[in-house]
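Student: Let me see the structure of the following:
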Amino acid sequence: MALTLAISIVVDDAIMILENIVRHFRMGKSSAQAAYDGSMEVLPAATAATLAVVAVFLPVIFMEGIIGKFFFQFGVTMSAAVLLSLVESVTITPMRSAALLASGEKTTRFERWLDHRFEKFLHSMPNTSCPF
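Tutor: Down below sits the predicted model:
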């Protein structure tokens, strides 16, 4: 049960950091510098989000009685999975993204196609107070 719930929580930190790294890369920085700057900029937010999730699931470890015995593994699994995902997102994710972004291409053909479609859709909308 805990691993099923953890799937969405575990990828949260890595997505935050990866998106920020790509943003820095598109600002013109080298792949290594973008990986460093992007991960260091989001590190406090990722750490706070992780600690908030651990603060929710850690007290489950200390439940007493039969219910406590059933949920002990749940609390340990969730806390460990979320903490390990933070370690992965601040170590392996920047390294992998720096290696993948080293090709030098800022946007892919699919991204350009998708941006074109979104722009076309945006301009086809009636003139309303759209925040875009």
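Student: from the chain's centre, how far out does stretch 73-83 sit?
Tutor: 18 Å (CA atoms, centre = their mean, to the nearest Å).
Student: and if you look at stretch 66-75?
Tutor: From the chain centre to the centre of stretch 66-75 is a distance of 28 Å (CA atoms, centre = their mean).
Student: average pLDDT across it?
Tutor: The average pLDDT for stretch 66-75 rounds to 86.
Student: For that stretch, buried residues please.
Tutor: Using 16 or more other CB atoms under 10 Å as the burial criterion, the residues of stretch 66-75 that qualify are 71, 74-75. All C-beta atoms are positioned from the backbone trio N, CA, C, and that covers glycine.
Student: Sticking with Pro94, tell me its helix or strand.
Tutor: Element membership of Pro94, judged by DSSP states H and E, is helix 65-101.
Student: Check which element follows that helix along the chain.
Tutor: Counting by DSSP H and E, the next helix or strand C-terminal to helix 65-101 is helix 109-124.
Student: Does anything pack onto the helix holding Pro94? Which helices or strands?
Tutor: For helix 65-101, the packing partners by 3 or more CB pairs under 8 Å, 6 or more residues apart in numbering; DSSP states H and E come out as helix 2-26, helix 31-57.
Student: Enumerate the positions of that helix that are buried.
Tutor: 71, 74-75, 77-79, 81-82, 85-86, 88-90, 93-94, 97-98, 101.
Student: ditto for stretch 46-59
Tutor: Buried positions in stretch 46-59, judged by neighbour count with 16+ other CB under 10 Å: 46, 49-50, 53-54, 57.
Student: nearest to Ile21, of these?
Tutor: Ala46 (12.2 Å; CB to CB).
Student: thought the closest one was touching Thr93?
Tutor: No - with contact defined as CB atoms under 8 Å, Ala46 does not reach Thr93; the gap is 10.0 Å.
Student: Spatially central residue for the chain, please.
Tutor: Computing the C-alpha centroid of the chain and ranking residues by CA atoms, centre = their mean puts Ile15 first, at 2.3 Å.
Student: And the pLDDT for that one?
Tutor: 90.
Student: And it, how far from Ile21?
Tutor: Ile15 is 11 Å from Ile21, where distance means CB to CB, to the nearest Å.
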